[in-house]
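Student: coords please:
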Amino acid sequence: MTFRLTEYARGGGCACKIPPGELEAMVAGLGPSGGAAELLVGLENGDDAAVVRLDERTGLVTTADFFTPVVDDAYDWGRIAAVNALSDVYAMGGTPLVALNLLCWPREVLPLELAREVLRGGQDVAREAGCHLAGGHSVDDDGPKYGLAVTGLVRPDELITLDAGRAGLPLSLTKPLGVGVLNTRHKQTGERNAAAVDSMTRLNRDAARAAVAAGIRCGTDVTGFGLLGHASKLARASRLTAVIDTAAVPYLEGAREALRDGYVSGGTRRNLEWVTPWTDFGDVDEAERLLLADAQTSGGLLVAGEVPGGTVVGELLPASDTLIRLR
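Tutor: Numbering: from 1, shown residues only. Prediction:
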C-alpha cells in the first residue's frame, strides 16, 4: 500500500506554524526564567536559537524545530526536517554538535517502516553535517511530525543576530524562494518538484561559514514567515527599514506557475496579512506580494552583508514609518 504523507497534515512543513501575529501575542510578556549562565540571546527579538556564554570564547547554541510532512516521501521528509532544524544553529553563526530526534507518529495509521525511513533521512543529514544524532523522544500522536532538538557552539564575537543590522548594509539571500507554492502543489497533486527538494535538503552550513568569514553579524533564516516576515523581524530588531528589490529576488523554476495556478497555502496568506500594516508595497501587485510572503520550509539565510553564493536582494536604510519597503 502506498501512503501519501502530506494527506496526514493540515499544513505542510513550516507553513504549519502558529501564525506570527498570534505567536507574538501568545509569548508577549514572557521572559527568560533565569539561570547560572549568562544568556546572550533569548526571547527578546525572536532569534533562531538561544545562546548562553560558557566562557569568553565559547557560546552554547540550542534550538528545537519540528513540523508536519511537507513531501510524501518519508526519507525526503526526514532530510528536509533535519536540515531545517540544523539551520537555526547555522543562522546564529554556530556549528551543530549533537541533536535529538523529535518524532510524533500515528502508529495505528501509518506503518513504523515509514517512521524508520524518516529517522534514516534525519540520520543521513546529521552525518553530512558532522553532528551526532543520539536518540531522542517519540510519542503516539494523531498525525506525523518530525524534527530535531539541536545543540551547537558559537564564538560570542561571531554571533549572527537579528538586532545587529546597520544602515547602508546590503541584504543577501542564499537560497531562492518558492518552495511554499511548490510544496502546496505537491500536496494537492502529488507532483514532486526535484528542485524544491534539492533546495530544502541543502545545508546552510557553507553559507553560514561564508557569512561569518565575511564579518557578517546580522541575519536569520527564511522559513515559515516568508521573506517579508523574516525581513520585518530583522528590521524591527535592528530599528531600521529593510528595502527589498523585487526584481532581484530569485525564485525556483516553476514557482510563478504554481502561484498562477492557485497553489497558495493559508500560511502564506496569513504572512501577507501580518506584514501589511508596516509594509510599503509601492506598485507591487498581489501576486508578487504573495511570493515574497510565501511560507518557506528549510529556506536560505537572509543576512546583512554580501556573502559568496548569495544574491543581493535589497538593503538596510535608516528607520522610517515602515519596516519594509518594496521597490
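
Student: can you give the domain ranges for this structure?
Tutor: 5-157, 158-326 (automatic domain parsing).

Student: which is the next helix or strand following the helix or strand of the chain with the lowest mean pLDDT?
Tutor: In the chain, no helix or strand scores lower on mean pLDDT, DSSP states H and E than helix 20-27, which sits at a mean of 71. As assigned by DSSP states H and E, the chain's next helix or strand after helix 20-27 is strand 38-41.

Student: still on that earlier bit, residues of the least confident helix or strand of the chain that come out buried?
Tutor: Buried residues in helix 20-27, defined by neighbour count with 16 or more other C-beta atoms under 10 Å: Pro20. (C-beta placed from N, C-alpha, C; glycine too.)

Student: for that helix, name the packing helices and strands.
Tutor: helix 266-275 (3 or more C-beta pairs under 8 Å, 6 or more residues apart in numbering; DSSP states H and E).

Student: centroid residue for this structure?
Tutor: Thr223 (2.8 Å; C-alpha atoms, centre = their mean).

Student: next one: it from Leu302, what distance?
Tutor: 10 Å (C-beta to C-beta, to the nearest Å).

Student: just the domains of the chain: most buried one?
Tutor: domain 158-326 (a mean of 21; mean count of other C-beta atoms under 10 Å).

Student: average pLDDT for that one?
Tutor: For domain 158-326, the mean pLDDT works out to 96.

Student: mind listing the helices for the stretch 51-200 of the chain?
Tutor: 74-91, 112-129, 179-189, 194-200 (DSSP state H, counting those that start in this stretch).

Student: so what sits against both of Thr223 and Leu302?
Tutor: Taking C-beta atoms under 8 Å, 6 or more residues apart in numbering as the criterion, Thr223 and Leu302 both touch His230.

Student: quick one, what contacts the closest residue to Arg239 other than its chain neighbours?
Tutor: In space, Arg239 comes closest to Ala319 once its chain neighbours are excluded; the distance is 5.4 Å by C-beta to C-beta, 6 or more residues apart in numbering. By C-beta under 8 Å, 6+ apart, the contact set of Ala319 is Arg239, Leu240, Thr241.

Student: excluding its backbone neighbours, what's nearest the second one?
Tutor: What sits nearest to Leu240 in space, not counting adjacent residues and going by C-beta to C-beta, 6+ apart, is Leu316, at 4.8 Å.

Student: now do that neighbour against Leu302, distance only.
Tutor: Distance from Leu316 to Leu302, by C-beta to C-beta: 11 Å.

Student: what do you get for Gly180?
Tutor: For Gly180, the distance to Leu302 - C-beta to C-beta - is 15 Å.

Student: follow-up on the earlier one: okay, and the common contacts of Leu316 and Leu302?
Tutor: Common neighbours of Leu316 and Leu302 (C-beta under 8 Å, 6+ apart) are Leu171.

Student: now name the helix or strand holding Glu257.
Tutor: Going by DSSP H and E, Glu257 is part of helix 255-260.

Student: could you export that helix as PDB, CA atoms only?
Tutor: Extracted in PDB, the C-alpha atoms of helix 255-260 (Å, rounded to 0.1, in the frame of the first residue of the first chain):
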ATOM      1  CA  ALA A 255       7.200  28.800  -8.600                       C
ATOM      2  CA  ARG A 256       5.500  31.500 -10.600                       C
ATOM      3  CA  GLU A 257       3.500  28.900 -12.500                       C
ATOM      4  CA  ALA A 258       2.400  27.300  -9.200                       C
ATOM      5  CA  LEU A 259       1.300  30.700  -7.900                       C
ATOM      6  CA  ARG A 260      -0.600  31.400 -11.200                       C
END
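
Student: verify the contact between Ala255 and Leu182 for me.
Tutor: Yes. Assessed by C-beta atoms under 8 Å, Ala255 is found in contact with Leu182 at 6.0 Å.

Student: thinking again about what came up before, for my notes, confirm the residue nearest to Leu240 occurs in a strand.
Tutor: Yes. Assessed by DSSP: H, G, I helix; E, B strand; the rest coil, Leu316 belongs to a strand.

Student: from what I can see it touches Arg239, true?
Tutor: No. Using C-beta under 8 Å, Leu316 is not in contact with Arg239, being 10.2 Å away.

Student: that older thread, what sits up against the helix holding Glu257?
Tutor: So helix 255-260 is contacted by Pro176, Leu177, Gly178, Val181, Leu182, Thr184, Arg185, Ala287, Leu290, Leu291, Asp294 (C-beta under 8 Å, 6+ apart).

Student: how far away is Ala134 from Gly224?
Tutor: 27 Å.

Student: now do Glu108
Tutor: 29 Å.

Student: quick one on the thing from earlier: which stretch among the helices of the stretch 51-200 of the chain comes nearest Gly229?
Tutor: When the helices of the stretch 51-200 of the chain are compared by C-beta to C-beta, helix 179-189 sits nearest Gly229, at 11.7 Å.

Student: quick one: that closest one to helix 266-275, angle?
Tutor: Relative orientation of helix 179-189 versus helix 266-275 (axes from the mean of the first three to the mean of the last three C-alpha atoms, to 10 degrees): 150 degrees.
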